[in-house]
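J.: please find the sequence and the predicted model below.
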Amino acid sequence: TYVIVNGEFINRSEAKIDIEDRGYQFGDGVYEVIRVYNGKMFTGTEHLERLIDSGKKIGMDIPYTVSEIKQQLESLIDKNRLNLGTLYLQVTRGIAPRNHAFPSNDVSPTFVAYSKEVGRPVENMKTGVKTILNADIRWLLCDIKSLNLLGNLMAKQKAVEAGCFEAIQHRDGVVTEGSLSNISIIKNGKVITHPADNLILNGITRQKVLEICRNNDIPSSETPFTVDDLKSADEVFLSGTTVEITPIVEIEGEKVGNGSLGPITEHLQALFVKEIEKECGT
Ligand code: PLP
């Protein structure tokens with residue numbers, strides 16, 4: 001399969017990263033994951049705009065425009081004959097002698113992209129997933145899609161060791177987000193999710209869900225909610241590029257609602273599929 005390294009299409013086996021690449025040494029960079037359905041990117045523009053925005057937030061200019069990256073990714077999809085899967089992109093601050101301070105402007109970022117064939121998470125979307133609660137000990141710039149994922153990895157690992165799929169993180173009892181997803185609750189017919197501030201990644205899927213709510217007269221609100229609200233919610237779901245809209249049916253061993261996919265989550269899943277079909281065809 002082909003991968004992209006700094007605008008060039010090369011064979012996966014020929015891709016090499018320098019030991020002094022700042023992504024490798026410091027996690028000094030940003031990334032995106034984009035779903036491909038039917039050979040077409042879903043919400044590609046939104047993801048690429050966020051990539052450039054994340055770069056800006058760490059003082060890094062990504063040397064391509066959204067449409068330039070899009071063209072490269074479309075070629076990658078074609079070359080790899082990708083129908084259903086994901087694209088992974090990352091941009092690091094480049095290669096320079098190890099130094100905490102940013103290198104001078106003549107050091108150019110390292111841009112890498114590759115594709116993976118992967119199906120939709122149909123099983124989890126139907127039966128739902130179990131979760132644990134975990135203190136959110138991450139930094140205060142969670143809105144940046146940074147390569148620094150250690151906090152997220154440790155949260156996810158804790159969930160896996162407890163036989164669960166995801167860790168629901170909270171700061172002083174306020175639910176923020178998962179390790180790889182945003183969290184929403186449904187109470188009395190209303191979808192509630194943490195506001196898009198510095199404490200969460202403003203998920204593209206999250207934004208799509210809110211848009212779907214607005215366009216379909218489903219009440220929604222971006223309001224902080226507590227662990228108690230979470231536990232007494234009628235339905236709870238995860239949203240994210242890889243997980244799409246996945247119901248949470250258990251939290252710390254306690255059932256959410258009756259412990260299965262709830263009606264509003266199921267409705268949102270159906271409306272989400274319509275969005276996919278609108279953008280990527282069937
Ligand atoms: N929050 C975190 C920490 C994530 O890693 C992700 C990535 O999938 C999300 C939320 C969801 O974002 P998106 O819907 O853009 O994939």
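T.: Yep, that arrived.
J.: close to the ligand, is the longest helix anywhere in the chain?
T.: As assigned by DSSP state H, the longest helix anywhere in the chain is helix 263-280. No. Applying Cβ under 6 Å from any ligand atom, one finds helix 263-280 separated from the ligand by no less than 11.2 Å. In short, each C-beta sits where N, CA and C put it, glycine included.
J.: same check on stretch 173-185?
T.: Yes. Using Cβ under 6 Å from any ligand atom, a contact is recorded between stretch 173-185 and the ligand, made by 177, 180-182.
J.: model confidence over that stretch, on average?
T.: Stretch 173-185 carries an average pLDDT of 98.
J.: buried stuff in it?
T.: 174-185 (16 or more other Cβ atoms under 10 Å).
J.: do the same with stretch 25-38
T.: Neighbour counts over stretch 25-38 (16+ other Cβ under 10 Å) mark 25, 28-37 as buried.
J.: let me know how buried Asn148 is, in neighbour terms.
T.: Asn148 has 17 neighbouring residues, counting by other Cβ atoms under 10 Å.
J.: so what's the closest residue to it other than its chain neighbours scoring on pLDDT?
T.: Spatial nearest neighbour of Asn148, chain neighbours left out: Gly27 (4.1 Å); criterion: Cβ to Cβ, 6 or more residues apart in numbering. If you check Gly27, the pLDDT there is 98.
J.: quick one: the helices in this structure, in order.
T.: Under DSSP H, the chain gives helices at 22-26, 44-57, 66-79, 122-127, 150-161, 204-215, 227-231, 263-280.
J.: in the stretch 1-150 of the chain, which residue sits closest to the ligand?
T.: Val33 (6.1 Å; Cβ to the nearest ligand atom).
J.: was I right to think that residue contacts Gly85?
T.: No. Using Cβ atoms under 8 Å as the test, Val33 is too far from Gly85 to be in contact (10.6 Å).
J.: thinking again about what came up before, right, and the helices of the chain - which one's nearest Thr1?
T.: Proximity to Thr1 (Cβ to Cβ) singles out helix 66-79 among those, at 8.2 Å.
J.: show residues contacting that closest one.
T.: Helix 66-79 is contacted from outside by 2-4, 7, 9, 34, 36, 39-41, 44-45, 48-49, 51-52, 64, 82, 87, 89, 113-115, using Cβ atoms under 8 Å, 6 or more residues apart in numbering.
J.: now, of the residues you listed, which are buried?
T.: Applying a neighbour-count criterion of 16+ other Cβ under 10 Å, the buried members of those are 2-4, 34, 36, 40-41, 44, 48, 51-52, 64, 82, 87, 89, 113-115.
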